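Asker: what's the 3D shape of this:
(chains A, B and C)
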Amino acid sequence: MTVPGSWYLVLSALLFSLGALGFFTRRNILIMFMSLELMLNAVNLTFVTFSRMLGDIGGQTLVFFVLVVAAAEVVVGLGIIMAIFRRRSSATADDLSIFRG
Amino acid sequence: MIDLLATQITLPDLITFLVAGIAVVLGALGVVLMRNPVHSALSMIMTLFAVAVLFIEQDAQFLAAVQVIVYAGAIVVLFLFVIMLLGVDKKEYLGKDKLRGQRPLAFISVLIIFVEILTLARGNWATGAKATVMSTTSPISNVEQLARAIFTTYLLPFEATSVLLIVAVVGAVVLVRRVDEKPGSAEQPKELETESEMK
Amino acid sequence: MLLPLAGSVFNMAFGKRLKRPFAGVIASLVVVASFALAVVAWLGLLGKPSGQRVYDFTLFNWISSGNLHLNVGAYLDPLSITMILFVTGISALIHVYSIGYMGHDERFSSFFVYLNLFVFAMLVLVLSDNFVFTFLGWEGVGATSYWLIAFWFERPTAAAAGKKAFIVNRIGDFGYLTAMFLLFTNLGSLSYGKVFGSVGQLSHTTVIAIAILFFVGAVGKSAQLPLFVWLVDAMEGPTPVSALIHAATMVTAGVYLMARVSPILHLTAGVGTLIAYVGVITAFVAAMAATSQTDIKKVLAYSTVSQLGYMFLGIGTGQYVAAIFLMVTHAFYKALLFLGAGSVIHGMHDEQNIKRMGALGKLMPATAVTFILAWLSIAGLPPFSGFWSKGDVLAGAYQSSVILWVIGALTAILTAYYMGREVYLVFFGQRRFDPTVKVHESPKVMLIPLYVLATLSVIGGALNLPISDKFRFLENWLTPVFGNALAQSTISSSARFALGAADGVFALIGIGFAWSLWVKSSSRPAVEPAFLAAGWGIDGFYDRVIARSSTRMSQFFTDVIEVKVVDGATMSVASLVGLLGKYVRKVQSGYIRNYALYISIGALVILGYFVTRAGA
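Answerer: You can find the predicted model right below:
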């Protein structure tokens, strides 16, 4: 018998929190992006955990789709970063604040 | 250890979980704390690998493989490429935040998120009927189970993701495509100048 | 029945690009097509036994709210099919005529857009199976008629006439709406079938209120006393419009409405009498005013008001069939008169004063002949259609009250007289116009509708011949609709014959008067008092009493209420928002991370709610 599911859940909560922290505090867009991936991974981990706990393949199916969407998201996001960088030659999120009220 | 014996956790499982868990946390901390983006990316690989290990530990072999191939193999490489291309592998100032109150607020809210998720995970939150797709206890292998679920019940979403991927590829190409720029137009556009005036 | 709408939309979209006559041709074709469809539907109804001649189809559910269920559907019964037949038929003729009449106008295609839209609205009005949808058509014909009245909006008088029609009609609409509300609150339905099925449950006072309010609506639309002033001013519009809207179709909407609600009217004898008296007095007043007009179209306008008065007399005395009969024949000859007048105006290069015409009979023979046929018809000479229809109405009036009959008979004499005056002044006597004006006969495209209408005016009486029951086609046709709301004829055939003879005599008297007075001379101030020329001064009265006092009130509102109350309130609200914005602005820092934090805090709160509350 393996480790109980609740342990995994705690771990993924920790991972999610760290990702959120990175997203809030870092200024480099790329690192913010990576933090986002960490959060996605945390959610994936919970899905797989629940899939095991409930004995149902559905959770894993959902993870599969999350992976696909994450891949697409990274591609487009990095494309946007490239486009921004070409104009601003900076990868700092705080420089993009022309929408300030 | 008495506790562990009571729940009948075998030692290899426990060791795997602990090692992978620590790797996950360390990698995540690395992503958040490293000043150099390249180091962050490398820490992320560690995290992703560890998560893949945890997948295997929970009988999700296919997903573990995909995790390694897609995330560690493709996405992180993409990140690294962009970092190299843009030349932003310089260090970021991690001292005092320019935004007043952002960092303490972030810490507080993240803490609350953590606590809330734990509370959620502790309770029994099943509502309604269980959406049973296929039981994992059946003798067939994990990959086959997943394949059956995806190509029968979730066929339409699956096809939709293929469309999504194509759209993403086309979008990325359009975004990154280098438009024929005139030599003089490298300067910043006008609206950005007004923004700097406002500061 | 949606064809005219399609035509209108088509012309709206492509009208500018089409060459001149095409927009008109397309518009005419769609109306002709809907006429053909109406004929088909009519034949379908004819094939059924007389008791079951109703098509009631529901297209879809339009509004469903609380107790209110409205269907978009059509209700075809002998009454509505009669309306549709003559509305589409005459519309088609007028469309054709307009191709010639409006040939030189710059906004040729938009004119046909309006015309088609009007026909569509009229069909909605007639075909609807509930009061709300009828009201939509009612407002639709109203709106299009304002556009058409004010079609030459560069003339200030035309624009003012459009506004006037709009405002005066509002009073009538108010009546209609209130009646509809009353019906709904009391019966919980607005479809014809249900309302008429359960109308008996209403209390007596409610029925009276509803009947009177519907009558107010009809008075506005059909230009009865005291709301007839707009119709006369509406003559500022192009003449085909006058013919189509203000003679043949729209103004009869009021009569149609009255006929439609006959089951309600049937329950209230008092309101019927009121309607009859309003009708007959309107008929008389308008006929008197018509005797003194000098504008060729205004004579016809007053004449229309007067004839509509006759129709209401028929409604009021329970002679619905006679009213509808008069409506149909009136549509024939009044459209003919207007189109003839339009032809004269066209030929005279926009001269409308009959005192400056004369002896046109030789110059415009076709117009003159058709116009005279229409005149004889409206005057009520025996073989023509007007004789039969007016005879029916007057016979009904005689049966109900001698006073009504006397006023009606007087009006009949007046009718023959003022129309005779117009005919003599325009087509006979000496030339009184500038000899340099080149008078010409109208083109074929305008004359053909005249011929058709002239034929109809002459033989239209055959629809309902009082010779024997077998020949009363219209009556047999319509009787199932009205059922017991229809007043039974109690007059013996000899009395009926005497009344008919009297009608003919009245017509002859009127024509004789007109002949003796106007064939030689063109100016007789003694019989043209100024207050009659000004329409009994009712217009001026409205102007003094209502318009000016409301202007003064508006002035007060602009000076005091507007500045102090409304402006003050808006200003303070604005400054409050400004002040608030000054502080809230800081939230929008422009930093993505900041926004993300706010979002997460929001999510936290929601999550916190679930953690603390939902688990309990």
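Asker: C-terminal to the lowest-mean-pLDDT helix or strand in chain C, what's the next element?
Answerer: Within chain C, confidence by mean pLDDT, DSSP states H and E is lowest for helix C:3-14 among all helices and strands, at a mean of 52. Next in sequence after helix C:3-14, counting helices and strands by DSSP states H and E, comes helix C:20-46.
Asker: Could you list every helix and strand in contact with that following helix?
Answerer: helix C:3-14, strand C:55-65, helix C:78-101, helix C:108-127 (3 or more Cβ pairs under 8 Å, 6 or more residues apart in numbering or on different chains; DSSP states H and E). Where you see a C-beta, it was placed from the backbone N, CA and C, and this is true even at glycine.
Asker: go again using 7 Å as the cut-off
Answerer: helix C:3-14, helix C:78-101, helix C:108-127 (3 or more Cβ pairs under 7 Å, 6 or more residues apart in numbering or on different chains; DSSP states H and E).
Asker: what is the orientation angle of it with helix C:78-101?
Answerer: 160 degrees (axes from the mean of the first three to the mean of the last three Cα atoms, to 10 degrees).
Asker: Quick one: distance of helix C:20-46 to the chain centre.
Answerer: 20 Å (Cα atoms, centre = their mean, to the nearest Å).
Asker: Equivalent analysis for stretch C:341-353, please.
Answerer: That offset, for stretch C:341-353, works out to 24 Å (Cα atoms, centre = their mean).
Asker: Okay, buried residues for it please.
Answerer: C:A341, C:G342, C:S343, C:V344, C:I345, C:H346, C:G347, C:M348, C:E351, C:Q352 (16 or more other Cβ atoms under 10 Å in any protein chain shown).
Asker: likewise stretch C:35-49?
Answerer: C:F35, C:A38, C:A41, C:W42, C:L45.
Asker: separation between the first one and C:P78?
Answerer: This means C:F35. 17 Å (Cβ to Cβ, to the nearest Å).
Asker: So which bits of chain C are right by chain B?
Answerer: C:Y591, C:R593, C:N594, C:L597, C:S600, C:I601, C:L604, C:L607, C:G608, C:V611, C:G615 (Cβ under 7 Å from any Cβ of the partner chain).
Asker: Name the member of those with the most neighbours.
Answerer: Most neighbours among the residues of chain C next to chain B, by other Cβ atoms under 10 Å in any protein chain shown: C:L597, with 23 neighbours.
Asker: Flag every buried residue along the host helix or strand of C:L404.
Answerer: Per DSSP H and E: C:L404 is located in helix C:402-427. By neighbour count on 16+ other Cβ under 10 Å, the buried set for helix C:402-427 is C:404-405, C:407-427.
Asker: Which other helices and strands does that helix contact?
Answerer: Using 3+ Cβ pairs under 7 Å, 6+ apart: helix C:402-427 touches helix C:269-290, helix C:296-316, helix C:360-363, helix C:365-379, helix C:385-400, helix C:493-518.
Asker: in the fifth one, what's buried?
Answerer: What that stands for is helix C:385-400. C:385-400.
Asker: how about the CA coordinates for it, as PDB?
Answerer: The C-alpha coordinates for helix C:385-400 follow below in PDB (Å, rounded to 0.1, in the frame of the first residue of the first chain):
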ATOM      1  CA  SER C 385     -71.700  52.100 -56.200                       C
ATOM      2  CA  GLY C 386     -72.000  55.000 -53.800                       C
ATOM      3  CA  PHE C 387     -75.700  55.000 -54.100                       C
ATOM      4  CA  TRP C 388     -76.000  51.400 -52.900                       C
ATOM      5  CA  SER C 389     -73.600  51.600 -50.000                       C
ATOM      6  CA  LYS C 390     -74.700  55.000 -48.800                       C
ATOM      7  CA  GLY C 391     -78.300  53.900 -49.200                       C
ATOM      8  CA  ASP C 392     -77.600  50.900 -46.900                       C
ATOM      9  CA  VAL C 393     -76.100  53.100 -44.200                       C
ATOM     10  CA  LEU C 394     -78.900  55.600 -44.400                       C
ATOM     11  CA  ALA C 395     -81.600  52.900 -44.300                       C
ATOM     12  CA  GLY C 396     -79.900  51.600 -41.200                       C
ATOM     13  CA  ALA C 397     -79.900  55.100 -39.700                       C
ATOM     14  CA  TYR C 398     -83.500  55.600 -40.500                       C
ATOM     15  CA  GLN C 399     -84.400  52.300 -38.700                       C
ATOM     16  CA  SER C 400     -82.500  53.400 -35.600                       C
END
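Asker: what angle separates that helix from helix C:493-518?
Answerer: Using the same axes, to 10 degrees: helix C:385-400 against helix C:493-518 is 120 degrees.
Asker: now the angle between helix C:365-379 and helix C:385-400, please.
Answerer: 10 degrees.
Asker: The longest helix along chain C - what's its average pLDDT?
Answerer: Counting residues, the longest helix found in chain C (DSSP state H) is helix C:156-187. Averaging pLDDT along helix C:156-187 yields 80.
Asker: And the helices in chain B?
Answerer: With DSSP H as the criterion, chain B has helices spanning B:2-6, B:11-33, B:37-57, B:61-66, B:76-86, B:102-122, B:142-148, B:155-176, B:190-198.
Asker: Contacts (any at all) between chain A and the third one?
Answerer: Yes. Contact check for helix B:37-57 against chain A, using Cβ under 7 Å from any Cβ: residues in range are B:P37, B:S40, B:A41, B:M44, B:T47, B:L48, B:V51, B:L54, B:F55, B:E57.
Asker: Find the nearest non-adjacent residue to C:A234, please.
Answerer: C:I149 (4.7 Å; Cβ to Cβ, 6 or more residues apart in numbering or on different chains).
Asker: so how many other residues sit close to that neighbour?
Answerer: Neighbour tally, C:I149, other Cβ under 10 Å: 30.
Asker: low-scoring stretches of chain B, by residue?
Answerer: Residue ranges of chain B with pLDDT under 70: B:1-9, B:88-101, B:121-138, B:179-199.
Asker: According to the record, where do the domains of it fall?
Answerer: Chain B breaks down into these structural domains: B:1-92, B:140-179 (assignment by automatic domain parsing).
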